[in-house]
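# here is a sequence with its predicted model. Questions after.
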Amino acid sequence: MSEVAFPPEFLFGAATASYQIEGGVNEGGRGQSIWDTFSHTPGNVVGDDNGDVACDHYHRWEQDIDMMSDLGLQAYRFSIAWPRVQPLGTGEFNDEGIAYYRGIIDRLKSKGIKPLVTLYHWDLPQPLEDNGGWLSRDTVDAFVVYARRMAEEFGDDADTWATFNEPWVSSFVGYGAGAHAPGHADDVEALTAAHHLLLAHAKAYDALKAVNADLQIGIVNNCHLPRPWDPSNPKDVWASQHIDALANRMFHEPFIEGTYPANLVENTKELTDWGFVHASDLADMKGRVDWFGVNYYSSHLVRHNAHKTAPTSKVATLADGHKAGANSPWPADEQIEFMPPLGKLTAMGWNLDPNALHAHLLKIYRETGKPLYVTENGSAWDDVLEADGRVRDADRIEYFHGHLGAVAHAIREGVDVRGYMAWSLMDNFEWAQGYAKRFGIVYVDYETQVRTWKDSAYWYRETLTRRALAPIEALESYTETPPRVYN
């Protein structure tokens, strides 16, 4: 056990997102978000599902926090729904929405669970999108006002904040591929939106610090490890470097170096002159980050292919697991091909590659020098609630075991990783995949909203108790009969 033990200050927790679990979309003064609009547009989401009810966390949050306490979580990463606290994205704030998150934070603290607050997990107020969304610098200004108010409300009780969750997805999948809200499909819009999201982080960083200089403010990036299909082929290496610039370096280099990756600017020069970057933007971005969040699920192999065909089906699944839209989510990738993943695959078609998480943590720490949190890591499987009430998700336990081992290995090698948030606390609305995919360590019956611990929940609780990897072979001694159920 000493080989896989974690430091005493290391935080074990779980993560969720507002639109994926809350429901209550027309309650408590909440306004409409781009995901309300997108999910209610036929054909955008598998099964035409939506988040109107989701996990009904809006009504069950007290019970759900009690469940977190029973699991032994030390931290909980959640997001504030911007349209719940400021329905139009500008103007008046909603006291009822603010009180809702006040209750969550207070109850978490009463249970000894550290709140990790994410300000934006993709649910932009629809009126802001109607006025240009992340293509407009007005949305940057609106986000700063919203962020400042949230710090004024909650900054004394939550000291670790993330501005954005996965700006790559918001920009390249939402504005580039057309597969997520708001459903645009334009390469230049994707790059423009990405820049404005990063600029909004930097300006919000200053605003948050002005409210409380002790706040620790980061940004959460979904991370890829694009390896060249043939490392001896210079063209395959070029392809992997281009995807790395789009997926990773674009989203941290401005805050460290005050630049965008040179190869990214060069490779996209036929698309855009990057005129959306104003003269002072990069200087304003440099140094505006205290930590980086790493959302990791799988790795990728890429190669140069001069004869690649573009995706044409809206229901296809991209190599990175996102639903294919009308366009690729990778600007200037006309000759880049994602190869089929190798090894064991999850229900999302993603591979199990803990070694890639280890390599990525070393890479990001080397390139940024900033503390890291693994803010999401998990896997979807075809879970079955069996007659005895158990959900025997051995594949998920194998996934967690390997990836937590990779985190421990990186820590031993000197990487400053401060916590691990399992994705997800419970099954939920999985964006364009609707309710077809289950990532939770707690099983949710969407008809009754009954929550049942999966075997992975018992294994994770044991790991948290030991502060070291619990043996998979001893799982039966961790489980309970009948399983824990929350009605």
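Here it is on my side, so go on.
# point out where the chain drops to low pLDDT.
Counting by pLDDT under 70, the chain shows low-confidence ranges at 1-3, 309-326.
# just the strands in it please.
Assigned by DSSP state E, the strands in the chain fall at 11-15, 75-79, 114-120, 160-165, 216-222, 226-228, 291-295, 300-304, 336-338, 372-377, 417-423, 442-444, 451-453, 485-486.
# which residues touch the shortest one?
Defining contact as Cβ atoms under 8 Å, 6 or more residues apart in numbering, one finds that strand 485-486 is touched by 63, 64, 66, 67, 389, 450, 451, 452, 453. Glycine gets a C-beta too; all of them are placed from N, C-alpha and C.
# how about the strands of the chain in JSON lines, adding distance to residue 21 and mean neighbour count?
Output for the strands of the chain, formatted as JSON lines (distance: least, Cβ to Cβ, whole Å; neighbours: other Cβ atoms under 10 Å):
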{"stretch": "strand 11-15", "distance to residue 21": "10", "mean neighbour count": "25"}
{"stretch": "strand 75-79", "distance to residue 21": "8", "mean neighbour count": "25"}
{"stretch": "strand 114-120", "distance to residue 21": "13", "mean neighbour count": "23"}
{"stretch": "strand 160-165", "distance to residue 21": "14", "mean neighbour count": "25"}
{"stretch": "strand 216-222", "distance to residue 21": "17", "mean neighbour count": "24"}
{"stretch": "strand 226-228", "distance to residue 21": "31", "mean neighbour count": "22"}
{"stretch": "strand 291-295", "distance to residue 21": "17", "mean neighbour count": "23"}
{"stretch": "strand 300-304", "distance to residue 21": "28", "mean neighbour count": "22"}
{"stretch": "strand 336-338", "distance to residue 21": "30", "mean neighbour count": "21"}
{"stretch": "strand 372-377", "distance to residue 21": "14", "mean neighbour count": "25"}
{"stretch": "strand 417-423", "distance to residue 21": "12", "mean neighbour count": "24"}
{"stretch": "strand 442-444", "distance to residue 21": "9", "mean neighbour count": "24"}
{"stretch": "strand 451-453", "distance to residue 21": "11", "mean neighbour count": "23"}
{"stretch": "strand 485-486", "distance to residue 21": "14", "mean neighbour count": "15"}
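# what's the closest of those strands to residue 360?
Relative to residue 360, the nearest member of the strands of the chain by Cβ to Cβ is strand 291-295, separated by 6.9 Å.
# report all helices and strands that that closest one contacts.
The contact analysis (3 or more Cβ pairs under 8 Å, 6 or more residues apart in numbering; DSSP states H and E) places strand 291-295 against strand 160-165, strand 216-222, helix 354-368, strand 372-377.
# kindly reformat those as a markdown table containing distance to residue 280.
Compiled in a markdown table, those are given as follows (distance: least, Cβ to Cβ, whole Å):
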| stretch | distance to residue 280 |
| --- | --- |
| strand 160-165 | 19 |
| strand 216-222 | 20 |
| helix 354-368 | 22 |
| strand 372-377 | 28 |
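# out of these, flag the one nearest residue 39.
Closest among these, once you apply Cβ to Cβ, is strand 160-165, at 17.5 Å.
# residue 278: how many residues sit nearby?
For residue 278, the count of nearby residues is 11 (other Cβ atoms under 10 Å).
# ok, residue 359 next?
Residue 359: 16 neighbours (other Cβ under 10 Å).
# out of everything not next to it in sequence, what's closest to it?
Using Cβ to Cβ, 6 or more residues apart in numbering and skipping residues adjacent in sequence, the residue nearest residue 359 is residue 225, 6.2 Å away.
# with residue 288 as the reference, measure out to residue 224.
From residue 224 across to residue 288, the span is 23 Å (Cβ to Cβ, to the nearest Å).
# now do the buried residues in stretch 422-436.
422-435 (16 or more other Cβ atoms under 10 Å).
# and if you look at stretch 474-482?
If you call a residue buried by 16+ other Cβ under 10 Å, then stretch 474-482 has these buried ones: 475, 478, 479.
# tell me what the helix ranked longest in the chain is packed against?
Longest helix in the chain, counting residues (DSSP state H): helix 187-211. The contact analysis (3+ Cβ pairs under 8 Å, 6+ apart) places helix 187-211 against helix 137-154, strand 160-165, helix 167-168, strand 216-222, helix 253-256, helix 281-285.
# again, only this time at 7 Å
helix 137-154, strand 160-165, helix 167-168, strand 216-222, helix 281-285 (3 or more Cβ pairs under 7 Å, 6 or more residues apart in numbering; DSSP states H and E).
# out of the ones you listed, which is closest to residue 105?
Nearest of the helices and strands packed on helix 187-211 to residue 105, taken as Cβ to Cβ: helix 137-154 at 5.8 Å.
# from the chain's centroid, how far away is the closest one?
Distance of helix 137-154 from the chain centroid (Cα atoms, centre = their mean, to the nearest Å) equals 20 Å.
# distance to residue 171 added to the strands of the chain, as TSV?
Compiled in TSV, the strands of the chain are given as follows (distance: least, Cβ to Cβ, whole Å):
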stretch	distance to residue 171
strand 11-15	21
strand 75-79	17
strand 114-120	12
strand 160-165	10
strand 216-222	11
strand 226-228	18
strand 291-295	15
strand 300-304	18
strand 336-338	18
strand 372-377	18
strand 417-423	21
strand 442-444	30
strand 451-453	34
strand 485-486	37
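# and these: which comes nearest residue 136?
strand 114-120 (15.4 Å).
# quick revisit: between the helices and strands packed on strand 291-295, which gets nearest to residue 96?
Here strand 160-165 is closest among the helices and strands packed on strand 291-295 (Cβ to Cβ), at 22.2 Å.
# can you list contacts of stretch 257-269?
Residues from elsewhere that reach stretch 257-269 (Cβ atoms under 7 Å, 6 or more residues apart in numbering): 191, 241-242, 245-246, 249-250, 253-254, 274, 282-283, 285-286, 331-332.
# now do the contacts for residue 218.
162, 289, 290, 291, 292, 293.
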